[in-house]
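> I would like to see how this sequence folds:
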Amino acid sequence: MSIQFIIVILYIALLFGISLYAKRRASTGSSGFLFAGRKLTTGLVAVNVAGLAIGAASTVGVAEDAFRVGIAAGWYNAAWSAGAVVMALVAASKYRELNCTTIPELFERYYDKKGRIISVIGLITIQIVITSLQYLAGGAILSSMLPDIFSFQGGMLTSAVVFIGITLIGGLWSAGLSNIVSVTLIYVGIIAATVTSVQNQGGLPVMAAQLPAGTDWFGPLGGLGLATVIGWFVVMMTQTISAQGPVQIACGAESGKVAKKGFLWGAALIFPVGFLCAIMGMAAKVSFPGINATMALPKIIMSLNPFTGGVTLAALWAADVSTACTLLLGAGTLFTQDIYKRFINPSVSENKFLLVNRLTILGLGLITLWFAFNAVGILKTMLIGLSLTTAFTAVFLFTIFAPSLCRRSSAFYTTLAGMVTLLAWQIFPAVRIFAHPIYLEWLVCLAAFFLVAIIDNRRIVADQDTAVVKAGAELG
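Sure thing, here's the model as predicted:
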């Protein structure tokens with residue numbers, strides 16, 4: 001029995017053990033399951049944020065990009081880190097103090113039902129796309145670690161079983177407590193693997209000399225353009241304010257102050273990992289120039305000694321588990337809170353609602369698995385999906401900081417404009433007038449928002465307490 005296989009089995013046992021413990025912590029009902037009873041400490045918020053960020057795109061995806069463009073691929077994690085800082089300074093405490101659960105819920109408080117419905121459709125789509133990429137990375141990792149046991153597809157299926165199972169058992173507590181282990185091990189594993197892989201190449205100068213000519217592999221932009229890197233920062237600073245994963249973590253914090261501090265510490269944890277993974281992606285370019293780029297990080301790590309390689313890849317896989325748990329939970333929360341409980345069964349009992357949450361996560365987990373078998377390019381798919389959060393972020397920021405410009409139909413039409421823009425970007429090449437869809441998204445969403453402000457004369461309810469009363473009356 002190989003060391004790698006033993007490590008995988010131990011990881012699975014540890015993760016399910018943590019989840020069973022978390023199930024007891026989440027015994028307070030749906031609030032405990034979905035939001036950890038709103039008792040996440042600063043440390044748990046930080047590792048949740050880091051675990052959400054340090055998943056498929058931030059590790060395997062960055063190495064995949066670095067295999068083609070160089071160390072500049074690490075700016076993806078720096079962009080995520082910047083997004084966490086913006087969330088900390090602008091929105092994290094706001095979400096916790098508003099005591100909300102989702103962006104769609106907030107939209108209905110201030111706007112209308114149409115705004116809630118269209119936003120939940122968009123956000124669930126984002127969650128499904130991003131979760132599917134965790135399966136893709138999980139398949140790459142397991143098939144590299146244990147090629148005699150797992151094919152690429154078999155690795156994705158195994159990852160799906162663990163991802164869904166962990167989430168079903170313990171909810172947000174599972175993700176939070178698992179992240180303590182996975183974030184610690186990811187740091188230990190990636191630092192050790194990076195140092196060892198560079199030493200095996202004879203040092204960075206020797207490695208640089210062996211890389212193909214034509215790309216500035218160690219340059220600040222490498223094979224990327226400045227507009228692309230800036231686009232990453234814009235995407236990540238946009239999505240952290242309104243994607244359900246970060247929102248759910250902020251809502252689960254003990255207080256607004258804890259949420260803010262947790263996101264700042266999370267940002268510090270996220271930053272270095274991307275550049276370390278990028279170095280390993282370039283090491284793979286030297287050692288295995290003909291491999292599929294997605295396999296760059298798993299392949300270079302498995303070329304190390306069995307124990308270091310096994311621990312590092314298992315840690316990467318554990319990070320995917322934690323990321324996928326938070327994303328799956330977010331998708332489930334959006335459906336159960338904003339569709340089922342709001343429109344289908346408002347008077348559902350607590351026990352039945354908890355069951356509905358678990359069944360929803362199971363169903364969405366199977367849908368995301370199907371998406372995983374059809375995904376191409378981790379970073380590219382991730383960044384395009386996250387661009388859709390532009391409309392939600394724009395509406396949220398205006399609602400909190402400039403409510404006088406907001407109208408009752410602002411949420412609906414701004415979100416619709418964002419969806420149509422992204423769809424057009426995918427279908428019609430002629431609309432791709434910018435280096436990244438995020439630029440076009442911001443231009444169109446702001447134009448739509450201000451146009452509605454001119455046409456619609458129905459102002460929103462700016463006072464939060466009044467908005468809650470209004471939403472409650474509509475629920476009744």
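
> mind listing what A278 touches?
V62, A63, D65, A66, G70, I71, A72, A73, G74 (Cβ atoms under 8 Å, 6 or more residues apart in numbering). C-betas here are computed from N, CA, C, even on glycine.

> just checking, what packs against the helix or strand where the first one lies?
Yep, that's V62 we're talking about. Secondary structure from DSSP states H and E places V62 in helix 62-69. Counting by 3 or more Cβ pairs under 8 Å, 6 or more residues apart in numbering; DSSP states H and E, the packing neighbours recorded for helix 62-69 are helix 75-86, helix 256-287, helix 296-302, helix 378-386.

> out of these, nearest to N99?
Across the helices and strands packed on helix 62-69, N99 has its closest neighbour in helix 256-287 (10.1 Å, Cβ to Cβ).

> check contacts around Q134.
Here Q134 is in contact with G55, A56, S159, F163, D320, T323, A324, L327 (criterion: Cβ under 8 Å, 6+ apart).

> what residue in this protein is the furthest from its centre?
Distance from the C-alpha centroid of the chain, by Cα atoms, centre = their mean, peaks at N457 (36.7 Å).

> pretty sure F353 sits against I344.
No. Using Cβ atoms under 8 Å, F353 is not in contact with I344; the gap is 11.1 Å.

> give me the more crowded residue out of the two.
More neighbours surround F353 than the other of F353 and I344, with 18 against 11 (other Cβ atoms under 10 Å).

> in TSV: the contacts of A278, plus neighbour count.
TSV is the format used below for the contacts of A278 (neighbours: other Cβ atoms under 10 Å):
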residue	neighbour count
V62	29
A63	33
D65	29
A66	31
G70	26
I71	23
A72	24
A73	29
G74	25
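
> tell me the mean pLDDT for the helix or strand where I186 lies?
Counting by DSSP H and E, the secondary-structure element that holds I186 is helix 152-201. For helix 152-201, mean pLDDT is 83.

> relative to helix 256-287, how tilted is it?
Calculated by axes from the mean of the first three to the mean of the last three Cα atoms, to 10 degrees, helix 152-201 forms an angle of 80 degrees with helix 256-287.

> need the contact partners of the helix or strand that comes right after helix 152-201.
Next along the chain after helix 152-201, taking DSSP H and E as the criterion, comes helix 204-210. With contacts defined as Cβ under 8 Å, 6+ apart, helix 204-210 is touched by V198, Q201, W217, F218, I279, M282, A283, V286.

> can I get these in JSON lines including neighbour count and distance to Q4?
Listed next are the contacts of helix 204-210 as JSON lines, based on neighbours: other Cβ atoms under 10 Å; distance: Cβ to Cβ, whole Å:
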{"residue": "V198", "neighbour count": "17", "distance to Q4": "22"}
{"residue": "Q201", "neighbour count": "20", "distance to Q4": "22"}
{"residue": "W217", "neighbour count": "21", "distance to Q4": "30"}
{"residue": "F218", "neighbour count": "16", "distance to Q4": "31"}
{"residue": "I279", "neighbour count": "27", "distance to Q4": "22"}
{"residue": "M282", "neighbour count": "31", "distance to Q4": "24"}
{"residue": "A283", "neighbour count": "30", "distance to Q4": "20"}
{"residue": "V286", "neighbour count": "20", "distance to Q4": "23"}
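
> list just the nearest of these to T131.
T131 has its nearest neighbour among the contacts of helix 204-210 in I279, at 27.6 Å by Cβ to Cβ.

> my guess is the closest one meets G70, correct?
No. Between I279 and G70 there is no contact, the gap being 9.7 Å when judged by Cβ under 8 Å.

> now the nearest residue to S182 once chain neighbours are set aside: how far from V181?
Excluding the flanking residues, the one nearest S182 by Cβ to Cβ, 6 or more residues apart in numbering is A318, at 3.8 Å. Counting by Cβ to Cβ, to the nearest Å, the gap from A318 to V181 is 7 Å.

> out of those two, which sits in the more crowded spot?
The neighbour comparison of A318 against V181 (other Cβ under 10 Å) goes to A318, with 27 against 20.

> quick one: pLDDT of that one?
73.

> roughly how far does it sit from C325?
According to Cβ to Cβ, A318 stands 11 Å off from C325.

> give me the common contacts of these two.
Common neighbours of A318 and C325 (Cβ under 8 Å, 6+ apart) are S178.

> just to revisit the earlier point, which one of the contacts of Q134 is nearest V8?
Of the contacts of Q134, the one sitting nearest to V8 (Cβ to Cβ) turns out to be S159, at 10.9 Å.

> about what we covered before: now the helices and strands packed on helix 62-69 in a markdown table, with distance to V452 and mean pLDDT?
Below are the helices and strands packed on helix 62-69 laid out as a markdown table (distance: least, Cβ to Cβ, whole Å; pLDDT from 0 to 100):
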| stretch | distance to V452 | mean pLDDT |
| --- | --- | --- |
| helix 75-86 | 25 | 96 |
| helix 256-287 | 30 | 95 |
| helix 296-302 | 45 | 82 |
| helix 378-386 | 24 | 64 |
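
> tell me where the protein has strands.
Using DSSP state E, the chain contains no strands.

> on that earlier part again, my guess is the residue farthest from the centre of the chain contacts S409, does it?
No. Assessed by Cβ under 8 Å, N457 is found out of contact with S409, at 10.5 Å.

> flag the shaky bits of this structure, pLDDT-wise.
In the prediction, the chain carries residues with pLDDT under 70 at positions 1, 22-34, 36, 172, 174-176, 374-383, 462-476.

> please repeat the previous calculation with a cut-off of 50.
Along the chain, segments meeting pLDDT under 50 span 464-476.

> how many neighbours does the nearest residue in space to A193 that is not next to it in sequence have?
Nearest non-adjacent residue to A193, counting by Cβ to Cβ, 6+ apart: T312, 4.4 Å away. Residues lying near T312 (other Cβ under 10 Å) number 32.

> what's the neighbour count on N351?
10.

> ok, the residue nearest to A193 to L297 distance?
9 Å.

> now swap in L366 and tell me
Taking Cβ to Cβ as the measure, L366 falls 27 Å from L297.
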